[in-house]
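In: Let's see this in three dimensions:
(chains A and B)
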Protein chains: 2
Amino acid sequence: MSSRSNSKTIVEIYGQRFSIIGKESTDHIRKVASMVDHKMREINRKSPSLDINKLSILTAVNVTHDYVKLKEAYEKLEKQLIEKD
Amino acid sequence: MSSRSNSKTIVEIYGQRFSIIGKESTDHIRKVASMVDHKMREINRKSPSLDINKLSILTAVNVTHDYVKLKEAYEKLEKQLIEKD
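Out: The predicted structure follows:
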């Protein structure tokens, strides 16, 4: 199969429309958009006084925190796998 | 050692100050904030016409995409580890 060409997916995040262009599947883009939307609403519930701008940045902070933690767990697992070889 | 208590760390992301309260170390919080700041500047370079609000949301989308990909890689590694047992 030839490499996947760019496709455009329209998603709605926190009431705003975004047109996302990339090689990823529409399903993947929709999943990611839905996770961001969900996280924004979760943070908004906890801190309803945040303006949209701070809320968006804190959402990015939140997801990056999860990413760093997962990266640490991944590296630990990698080490375990090497030790088993 | 008793469990770590909440601490407050002040960080600057894309020129805005945030006060982050949590159990994580100051180093971890600074690292996460710096990653978000870096990613925002990277997206801004590619799409300078985006307003701060859309830029922040797209940063969250970007990191969430990386998270989902890493999660898939993590699960694959986990399977490999189980198969080796």
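In: From the centroid of chain A, which residue is nearest?
Out: Nearest to the mean C-alpha position of chain A, by Cα atoms, centre = their mean, lies residue A:32 at 5.0 Å.
In: I'd like the distance between that one and residue A:63.
Out: Using Cβ to Cβ, to the nearest Å, we find residue A:32 at a distance of 10 Å from residue A:63. C-beta coordinates here come from the backbone N, C-alpha and C atoms, glycine included.
In: Which residues are in contact with each of these two?
Out: Jointly contacting residue A:32 and residue A:63 under the rule Cβ atoms under 8 Å, 6 or more residues apart in numbering or on different chains are residue B:64.
In: and the residue nearest to the centre of chain A, what helix or strand is that in?
Out: For residue A:32, the element it lies in under DSSP states H and E is helix A:26-46.
In: Below-threshold pLDDT in chain A: ranges please.
Out: Along chain A, segments meeting pLDDT under 70 span A:1-4.
In: residues in it within reach of chain B, list them.
Out: Contact residues, chain A versus chain B (Cβ under 8 Å from any Cβ of the partner chain): A:13-14, A:16, A:18, A:20, A:24, A:28, A:31-33, A:35-36, A:39-40, A:52-54, A:56-61, A:63-68, A:70-71, A:73-74, A:77-78, A:80-81, A:84.
In: mind checking how far stretch A:35-47 is from the chain centre?
Out: 13 Å (Cα atoms, centre = their mean, to the nearest Å).
In: next one: stretch A:9-27
Out: 12 Å.
In: tell me how far the ends of it are from each other?
Out: 9 Å (Cα to Cα, to the nearest Å).
In: still on that earlier bit, in the helix holding residue A:32, what counts as buried?
Out: Under the neighbour-count criterion of 16 or more other Cβ atoms under 10 Å in any protein chain shown, helix A:26-46 has A:28, A:29, A:30, A:32, A:33, A:35, A:36, A:37, A:39, A:40, A:43, A:44 buried.
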